[in-house]
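Q: one predicted model, sequence on top.
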Amino acid sequence: MATLALFDDSSPPQPIADGAVWLPGFALAQDRALLAAIEAITAVAPFRHWETPGGLRMSVAMSNAGDCGWVSDRRGYRYDTCDPLSGQPWPALPPLLRELARDAAAAAGFPAFAPDACLVNRYLPGAKLSLHQDRDERDFTAPIVSVSLGLPAVFQFGGLKRADPVLRLPLTHGDVVVWGGASRLRFHGVLALKAGHHPLLGAQRLNLTFRRAR
Ligand code: MD3
Ligand code: FE
């Protein structure tokens, strides 16, 4: 009813493509708790700009939580159990984050998703992620769950070949997208973040991607 709609801050799952489901506002009710969890992670494993194997500095700053984390350097992309900056294991995945990822995956038709890695991406104005595939994980049958917080970004969603046409999706604060099945290996990217101010996060966008890496 109208009263319920007034207090409901998410809307129904929206299929985007085979295996890809957009859950608008799915994380909205927990935004402050998520931000606190991210701050706890990055207090231990600070945001840093990885170097690509080609020697370029990534404009997106990254950290990780979980049993393993995504790292990059001149030797390549991979998952590592330890943070190369500290030599220590990555911070544990907070239960709130694990449960959010599991619940979102279930809502999209992927029951029992058990992520072992959470990549935390920070975009400041101008930061972008060029079109790429996520293929450093061992098992492509598990989906990837992504959570967007802060400034809106234009997400590019392509096909299985780099040259395939690209769909542009505006992802906003609290949106969750589950990428599995036939969409798991699609090319994707994020256009350069536009300047702006978000009431909770200020001039940045944070993105969490939950993965089953090993
Ligand atoms: C579609 N991150 O970290 S999340 C990445 O917004 C990454 O920070 C972006 O791409 C970001 O690798 C996009 C959405 C996403 C993540 C993984 C996918 C979309 C995907 C894997 C397959 C297809
Ligand atoms: Fe990706």
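A: Right, received. Where do you want to start? Numbering: from 1, shown residues only. Ligands and ions are numbered 1, 2, ... in the order given.

Q: nearest residue to Arg135 other than its sequence neighbours?
A: Leu185 (6.5 Å; Cβ to Cβ, 6 or more residues apart in numbering). Yep, even glycine has a C-beta here, placed from its N, CA and C like the rest.

Q: count of neighbours near the one you found?
A: Leu185 has 14 neighbouring residues, counting by other Cβ atoms under 10 Å.

Q: so it makes contact with Pro143?
A: No: shown here, Leu185 and Pro143 do not form a contact pair, counting by Cβ atoms under 8 Å, at 11.5 Å.

Q: residues contacting the residue nearest to Arg135?
A: Listed by Cβ atoms under 8 Å, 6 or more residues apart in numbering, the contact set of Leu185 reads Gln133, Asp134, Arg135, Phe140, Leu160.

Q: ok, now Arg78?
A: By Cβ under 8 Å, 6+ apart, the contact list for Arg78 reads Trp70, Val71, Ser72, Asp136.

Q: grab the nearest non-local neighbour of the third one.
A: Spelled out, that is Ser72. Sequence neighbours aside, Trp50 is the residue nearest to Ser72 in space, at 3.9 Å (criterion: Cβ to Cβ, 6+ apart).

Q: next, count neighbours for the one you found.
A: Using other Cβ under 10 Å, the number of residues around Trp50 comes to 16.

Q: show me what from the chain comes close to ligand 1.
A: Within reach of ligand 1 by Cβ under 6 Å from any ligand atom, the chain has these residues: 119, 121, 129, 134, 144, 146, 177, 179, 183-184, 186, 188, 190, 207, 209.

Q: could you redo the last one with a cut-off of 8 Å?
A: Counting by Cβ under 8 Å from any ligand atom, the chain comes close to ligand 1 at 20, 60, 62, 70, 119, 121, 123, 129, 132-134, 144, 146, 148, 153, 155, 157, 171, 177, 179, 183-190, 205, 207, 209.

Q: now list the buried members of these.
A: Burial by neighbour count, 16 or more other Cβ atoms under 10 Å: within the residues of the chain next to ligand 1 this picks out 20, 60, 62, 70, 119, 121, 123, 129, 134, 144, 146, 148, 153, 155, 157, 171, 177, 179, 183-184, 186-188, 190, 205, 207, 209.

Q: mind checking which of the residues you listed land in strands?
A: 20, 62, 70, 119, 121, 123, 129, 144, 146, 148, 153, 155, 157, 171, 177, 179, 188, 190, 205, 207, 209 (DSSP state E).

Q: who is the fourth one paired with across the strands?
A: Applying DSSP bridges to Leu119 gives these bridge partners: Asn64, Thr209.

Q: contacts only, for it.
A: Leu119 makes contacts with Met62, Ser63, Asn64, Gly69, Trp70, Leu208, Thr209, Arg211, as judged by Cβ under 8 Å, 6+ apart.
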